[in-house]
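1. fold the following, please.
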Amino acid sequence: MIERLFRRWSWQTECGPKSADALTGLGTRSAIEAIPRGSAIGVVDLLHFRDRVNDDFGHLVGDSVLRVVAGRLRDGLAPLRVFRSGGDEFLIEILEPLHESDAAILAKRIAELVAEPIDGIDRPLECRIGITLRRVADDVLPVRIEADRAAYQAALTEVPYVVFQDGTEG
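-> You can find the predicted model right below:
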């Protein structure tokens, strides 16, 4: 199972409450910068969130939906470490080596968690997922950019996820 590939991380113990997003309780942008060397990254971007949730149901409902999705990702992907990078985008830290087949299983699990029904919302949420198998060296930014590019490529091609291996699409 994929869970064997990851280790647990407690935000309250490791990062403290100042590194937690006020809305979701997940790690924030500042905590993302502390992703350790050797980690890979996944990006989860909720599709049409503004149009299909905030505009149709209001921002308070949108905030509630983000809390639900954050909780599902945190609990459903445990022991992975999940961050909210802003808006409707989440980052997943992958600590152990991951192969493309494992990345596909992880992406499918993420999509299932996001698509689960939410009370008061009459349509399932969709997301696009980008996963890079490239590892963080000294700076997390190049790996994060690569995962963002993979998620963007998934959105352009209308596929659920894209996996990049060392800067190339897998």
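
2. go ahead and confirm residue 95 touches residue 42.
-> No - assessed by C-beta atoms under 8 Å, residue 95 is found out of contact with residue 42, at 11.8 Å. To be clear about C-beta, it is placed using only N, CA and C from the backbone, and glycine gets the same treatment.

3. pick out whichever of the two has more residues nearby.
-> Taking other C-beta atoms under 10 Å, residue 95 and residue 42 do not tie; residue 42 has more neighbours (26 against 18).

4. and the more buried one, what is it in contact with?
-> By C-beta atoms under 8 Å, 6 or more residues apart in numbering, residue 42 lies in contact with 91-92, 94, 103, 106-107, 110, 129-132, 147.

5. narrow the residues you listed to those in strands?
-> Counting by DSSP state E, the contacts of residue 42 place 91-92, 94, 129-132 in strands.

6. so in the chain, where's the weakest helix or strand by average pLDDT?
-> Least confident helix or strand, the chain: helix 11-14 with a mean of 38, by mean pLDDT, DSSP states H and E.

7. contacts for the helix or strand that that helix is followed by, please.
-> Using DSSP states H and E, the helix or strand that follows helix 11-14 towards the C-terminus is helix 29-32. With contact meaning C-beta under 8 Å, 6+ apart, helix 29-32 is reached by 11, 15, 19-20, 83, 85-86, 91, 140, 144.

8. please apply the same query to stretch 46-66.
-> Outside stretch 46-66, the residues touching it (C-beta under 8 Å, 6+ apart) are 23-24, 69, 84, 87-89, 114, 118, 120-121, 123, 125-128, 155.

9. from those residues, which ones fall inside helices?
-> Among the contacts of stretch 46-66, the members found in helices (DSSP state H) are 69, 114, 155.

10. distance of the first one relative to residue 130?
-> Using C-beta to C-beta, to the nearest Å, one gets 17 Å for the distance from residue 69 to residue 130.

11. give me the buried entries from the contacts of stretch 46-66.
-> Burial by neighbour count, 16 or more other C-beta atoms under 10 Å: within those this picks out 24, 69, 84, 88-89, 114, 118, 121, 125, 127-128, 155.
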